[in-house]
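# what follows is a predicted protein model with its sequence.
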Amino acid sequence: MPFDPNASFGKSLFFGEILEDQIFPYPEMPRDQTELVAPIVETIDRYMSSIDRRKLDREGEMPAELIQSLREMGLFGVIVPEEHGGLGLSNSGYARVMQQVSSWDGSIAVTLGAHSSIGFKGLLLFGTREQQKRYLPKLATGEMIAAFCLTEPGSGSDAFSIKTSARREGDFYLLNGQKLWITNGGIADFYTVFAKTTPDTPGQKGKITAFIVTRDLGGITHGPHEDKMGIRASNTTAVFFDNVRVPAANVLGEEGKGFKVAMSILNHGRTGLGAGAVGGQRRLLQLAVQHAGERKQFGRPIASFGKIKEKLGRMATNLYVSESLCYLVSATIDRGGVDYSIEGAATKIFNSEALWTAADEALQIAGGMGYMREQPYEQAVRDSRINRIFEGTNEILRLYVGFTGLQKPGEYLQGLGKELANSLADPIKGFGLLREYAVRKAKQTVPYGRTQITKAHESMREQVAYVEDAVQGLASLCETVLRRHGREIAEMQFATTRIADVAIDLLALCTAIARTTRLIDRRGLEKCSTELNMTFAFYSDARHRIRANLRAGTGRNNDEEIKSVADAVIAAGKYENDVLK
């Protein structure tokens, strides 16, 4: 089969294919971008080191002078093309900048990320030349700050349930509705707003359209700044639209195609969030290593004890894999034309959970001291928690990864014709057809038993062999689940999540292998022992998770018991088994 440069590496895993040319050689940031980013990173470090970040958290406000400083550093325009007054960074360059900002302060990172990653990203992706010429220069300077307005009081993960409406009246749309928990909502002048342009009917949801809405149109107000658990200084408010007359020329993309616009924006936006999680992990690992080296118990630094080493080693390993995923996805976006939707969602899931684990473990290493507010750990725990919710909850994204990945195997099974159709009534008939297709390449005779991965360094032979076996296991599990549940697969969230977790681990492991191979090729094997050990360590942990999920996918699980217990608790409204009764 000829290599398709636009094929999705992540989606192909579900079909038993490993498109190694999509990840080998592991991408590196072009020199011109590196030279552009380096002074920006230095400027960020100099400025951020002078900020009282603890005060930002305590007071829960972003001072106007701080925002002005961000404007002066050009941080609102890092992804705006140079022709419109921005720095014109690539996605990889932007990820590096967001990584650095996030290593200092979550609230500042969220303010900048909500502006660039999602606030005006739709203008870059779908805006007309006239729209871009009009708004991008002001967005680049920060004269206009951007916000993304999708969530509503009754609409979170279910975007089609939004109630905000936009009724066409001549050359304008009359916009009415409310958006909730909007980052930058109270300081923005530019809003990407999603509204229904056709009403809901009993049989069908209305169509969604994306709009550019600016504060100077009038009729826009916002609620008070939300008192949040973390990222407290970032501005989060409700935003209200009361008979706002939005010019028809401000439609973003096509009328009725707003859902596609929103999903495209969020797919891009997850790169910034994933990079932010990398920066957060870096800072936490640095804090934990420093504390473990200085803190002494039983006459020696706690860094010398095995349980502390275990925590530090896993924090570093997860960071390495998070970096590997983040910069693979950002480079894939920069290439253009490649479907990276699964890779982007997987990176958001993995990196946000790795950051949460790092925050928890860093606090644990600090012990009782870590629980005190004068230390940075408790704020890090609070700030990091939102990342598992932002831009699609990890639960919804797992379902997205699973359902999207199942689509290609499902289409293949449907395309097998009448014999397969008959097998829906008789599951034994035609059994194994997808699996037979998936393992054909696995039986090819090539050096060291390799089949689809030939470019990994020889030192990772064991890891490569396991990946190839596990990918076939994933394809087999997809077939089993599709045959077992058929059209009911949409309700099988336990099974779908399990499939997604296998795919995420395989994607992460493949990415780490590709990156380590690139480093060995550049530095030599003897200078990459730490990277090899991190790859080996992640492989060992991922292998246990994958095996458990594949086994559970065959039916050896406690899904029904868990659901039954949940149903009982839901029915009772509480836990009934009091030991005193």
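Perfect, thanks for sending it.
# which stretches in the stretch 51-200 of the chain count as helices?
Per DSSP state H, counting those that start in this stretch, the stretch 51-200 of the chain carries helices over the ranges 53-59, 64-72, 91-102, 106-113, 121-126, 129-141.
# and those as JSON lines, adding mean neighbour count?
Where C-beta positions appear, they are placed from N, C-alpha and C, glycine not excepted. Below are those laid out as JSON lines (neighbours: other C-beta atoms under 10 Å):
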{"stretch": "helix 53-59", "mean neighbour count": "16"}
{"stretch": "helix 64-72", "mean neighbour count": "14"}
{"stretch": "helix 91-102", "mean neighbour count": "26"}
{"stretch": "helix 106-113", "mean neighbour count": "27"}
{"stretch": "helix 121-126", "mean neighbour count": "21"}
{"stretch": "helix 129-141", "mean neighbour count": "18"}
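# can you list the low-confidence ranges for the protein?
1-3, 5, 412-451, 580-581 (pLDDT under 70).
# let me have the helices of the stretch 51-200 of the chain in CSV, extended by distance to Phe15.
Listed next are the helices of the stretch 51-200 of the chain as CSV, based on distance: least, C-beta to C-beta, whole Å:
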stretch, distance to Phe15
helix 53-59, 47
helix 64-72, 45
helix 91-102, 27
helix 106-113, 34
helix 121-126, 28
helix 129-141, 38
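# these: which one's closest to Ile386?
Ile386 lies closest, by C-beta to C-beta, to one member of the helices of the stretch 51-200 of the chain: helix 106-113, at 7.9 Å.
# the closest one vs helix 91-102, what angle?
Going by axes from the mean of the first three to the mean of the last three C-alpha atoms, to 10 degrees, helix 106-113 is angled at 150 degrees with respect to helix 91-102.
# for helix 106-113, packing partners?
helix 53-59, helix 64-72, helix 91-102, helix 258-294, helix 377-385 (3 or more C-beta pairs under 8 Å, 6 or more residues apart in numbering; DSSP states H and E).
# what residue lies at the spatial centre of this structure?
Nearest to the mean C-alpha position of the chain, by C-alpha atoms, centre = their mean, lies Lys348 at 1.9 Å.
# that one touches Gly276, doesn't it?
No: using C-beta atoms under 8 Å, Lys348 is not in contact with Gly276; the gap is 10.3 Å.
# what sits against Asp559?
If you count contacts by C-beta atoms under 8 Å, 6 or more residues apart in numbering, Asp559 has them with Phe494, Ala495, Ala552.
# swap in 10 Å and give it another go.
Met492, Gln493, Phe494, Ala495, Arg498, Ala552 (C-beta atoms under 10 Å, 6 or more residues apart in numbering).
# filter these down to the buried ones.
Among the contacts of Asp559, those classed as buried by 16 or more other C-beta atoms under 10 Å are Met492, Gln493, Ala495, Arg498, Ala552.
# could I get those residues in CSV, plus columns for distance to His268 and secondary structure?
Below are these laid out as CSV (distance: C-beta to C-beta, whole Å; DSSP: H, G, I helix; E, B strand; the rest coil):
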residue, distance to His268, secondary structure
Met492, 30, coil
Gln493, 26, helix
Ala495, 29, helix
Arg498, 28, helix
Ala552, 33, helix
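# list just the nearest of these to Glu531.
The shortest approach to Glu531 among the buried ones among the contacts of Asp559 belongs to Arg498, at 29.8 Å (C-beta to C-beta).
# and the closest one, how far is that from Ala512?
Going from Arg498 to Ala512 by C-beta to C-beta, to the nearest Å gives 22 Å.
# circling back to that earlier point, out of the contacts of Asp559, what pair is the most spread apart?
The farthest-apart pair in the contacts of Asp559, when distances are taken by C-beta to C-beta, is Gln493 and Ala552, at 13.6 Å.
# hmm, back to that, anything in contact with each of Lys348 and Gly276?
Counting by C-beta under 10 Å, 6+ apart, the contacts common to Lys348 and Gly276 are Cys326, Asn387, Phe390.
# which of these has the most neighbours?
Cys326 (31 neighbours; other C-beta atoms under 10 Å).
# what sits against that one?
92, 95-96, 98-99, 270-279, 344, 347-348, 350-351, 511.
# cool, and Leu75?
40, 43-44, 47, 69, 87, 97-98, 101, 108, 111-112, 115-116, 142.
# which residues of the protein fall in strands?
Assigned by DSSP state E, the chain shows strands spanning 146-149, 165-169, 172-183, 190-196, 208-214, 220-222, 236-247, 251-252, 296-297, 300-301.
# Thr317 touches Thr516, doesn't it?
No: when contacts are counted by C-beta atoms under 10 Å, Thr317 is not listed as touching Thr516 (11.8 Å).
# higher neighbour count, the two?
Neighbours were counted for Thr317 and for Thr516 using other C-beta under 10 Å; Thr516 has more, 26 against 22.
# what's the distance between that one and Asp559?
In terms of C-beta to C-beta, Thr516 sits 36 Å off from Asp559.
# kindly report the same for Gly306.
With distances taken as C-beta to C-beta, Gly306 is found 36 Å from Asp559.
# Asp501 now?
Noted for Asp501: a distance of 14 Å to Asp559, by C-beta to C-beta.
# domain-wise, how is this structure divided?
51-392, 409-568 (automatic domain parsing).
# distance to Gly10 added to the ones you listed, as a markdown table?
Formatted as a markdown table, the domains of the chain follow (distance: least, C-beta to C-beta, whole Å):
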| stretch | distance to Gly10 |
| --- | --- |
| domain 51-392 | 3 |
| domain 409-568 | 6 |
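# among those, which is the most enclosed?
domain 51-392 (a mean of 20; mean count of other C-beta atoms under 10 Å).
# neighbours around the residue nearest to Tyr575 when sequence neighbours are not counted, how many?
Spatially, and ignoring its direct neighbours in sequence, Tyr575 is nearest to Val569 (6.3 Å; C-beta to C-beta, 6 or more residues apart in numbering). When neighbours are counted by other C-beta under 10 Å, Val569 registers 12.
# also the one 5 residues further on?
Neighbour count of Lys574, defined by other C-beta under 10 Å: 7.
# residue contacts, His485?
Leu406, Glu491, Met492, Ala495, Thr496 are the contacts of His485 under C-beta under 10 Å, 6+ apart.
# cool, and Arg547?
So Arg547 contacts Tyr466, Ala470, Gly473, Val502 (C-beta under 10 Å, 6+ apart).
# now the first one. Nearest residue, chain neighbours left out?
Of all residues beyond its chain neighbours, the one nearest Tyr466 is Arg543 (6.2 Å), with distances taken as C-beta to C-beta, 6+ apart.
# between Thr317 and Thr516, what contacts are shared?
Shared contacts of Thr317 and Thr516 (C-beta under 10 Å, 6+ apart): Thr530, Asn533, Met534, Thr535, Phe536.
# need those residues in CSV (columns: distance to Gly293).
Shown next, in CSV, are those (distance: C-beta to C-beta, whole Å):
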residue, distance to Gly293
Thr530, 17
Asn533, 20
Met534, 20
Thr535, 25
Phe536, 25
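# which of these fall in helices?
With helices taken from DSSP state H, the overlap with the shared contacts of Thr317 and Thr516 comprises Thr530, Asn533, Met534, Thr535, Phe536.
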